[in-house]
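> one predicted model, sequence on top.
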Amino acid sequence: MKTRTNAQTYWRANLKYLLILLSIWFLVSFGAGILFKDALDEVRLGGFKLGFWFAQQGSIYVFVILIFVYIHLMNKLDKKHGYNE
């Protein structure tokens, strides 16, 4: 029964990480690129309005960063639950 409980705890933590990271990505891509676009357009980045930059480039950069954050979190979680290589 211990391994089943360990696996359930591992899976819950994995889903928690996924929901948090995907929520961050959603807020950056949808929020900054669409909802807060007008407010962000007051600032310019490299000659482009910041709202446009987030809609076109920023969400992609944030997604790549979140991939590396997820890798780091999962490596720690794997070691904690004994699933590391």
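Now that the structure is in, tell me what you want to look at.

> from now on I want contacts and neighbour counts done on CA atoms only, so please keep to that.
OK.

> what is the burial count for residue 20?
Using other CA atoms under 10 Å, residue 20 has 11 neighbouring residues.

> residues touching the spatially most central residue of the chain, list them.
Centroid-nearest residue in the chain, with CA atoms, centre = their mean: residue 21, separated by 3.0 Å. By CA atoms under 8 Å, 6 or more residues apart in numbering, residue 21 lies in contact with 66, 70.

> run the last query once more with 6 Å
For residue 21, the contact set (CA atoms under 6 Å, 6 or more residues apart in numbering) is empty.

> so what touches stretch 39-53?
Taking CA under 6 Å, 6+ apart as the rule, stretch 39-53 contacts 33, 37.

> how far does that stretch sit from its chain's centre?
22 Å (CA atoms, centre = their mean, to the nearest Å).

> cool, stretch 26-42 as well?
16 Å.

> quick one: mean pLDDT over that stretch.
Mean pLDDT, computed over stretch 26-42, is 85.

> could I get the CA-only coordinates of it as PDB?
What follows is stretch 26-42, C-alpha atoms only, in PDB (Å, rounded to 0.1, in the frame of the first residue of the first chain):
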ATOM      1  CA  PHE A  26      -2.300  31.600 -19.500                       C
ATOM      2  CA  LEU A  27      -2.000  34.800 -17.500                       C
ATOM      3  CA  VAL A  28       1.000  36.000 -19.500                       C
ATOM      4  CA  SER A  29      -0.300  35.000 -22.900                       C
ATOM      5  CA  PHE A  30      -4.000  35.800 -22.600                       C
ATOM      6  CA  GLY A  31      -3.800  38.500 -19.800                       C
ATOM      7  CA  ALA A  32      -0.800  40.500 -21.000                       C
ATOM      8  CA  GLY A  33      -1.400  39.900 -24.700                       C
ATOM      9  CA  ILE A  34      -5.100  40.500 -24.800                       C
ATOM     10  CA  LEU A  35      -6.700  41.700 -21.600                       C
ATOM     11  CA  PHE A  36      -4.000  44.200 -20.500                       C
ATOM     12  CA  LYS A  37      -2.800  45.100 -24.000                       C
ATOM     13  CA  ASP A  38      -4.000  48.700 -23.900                       C
ATOM     14  CA  ALA A  39      -2.300  49.400 -20.600                       C
ATOM     15  CA  LEU A  40       0.900  47.700 -21.700                       C
ATOM     16  CA  ASP A  41       1.000  49.500 -25.000                       C
ATOM     17  CA  GLU A  42       2.000  52.700 -23.100                       C
END
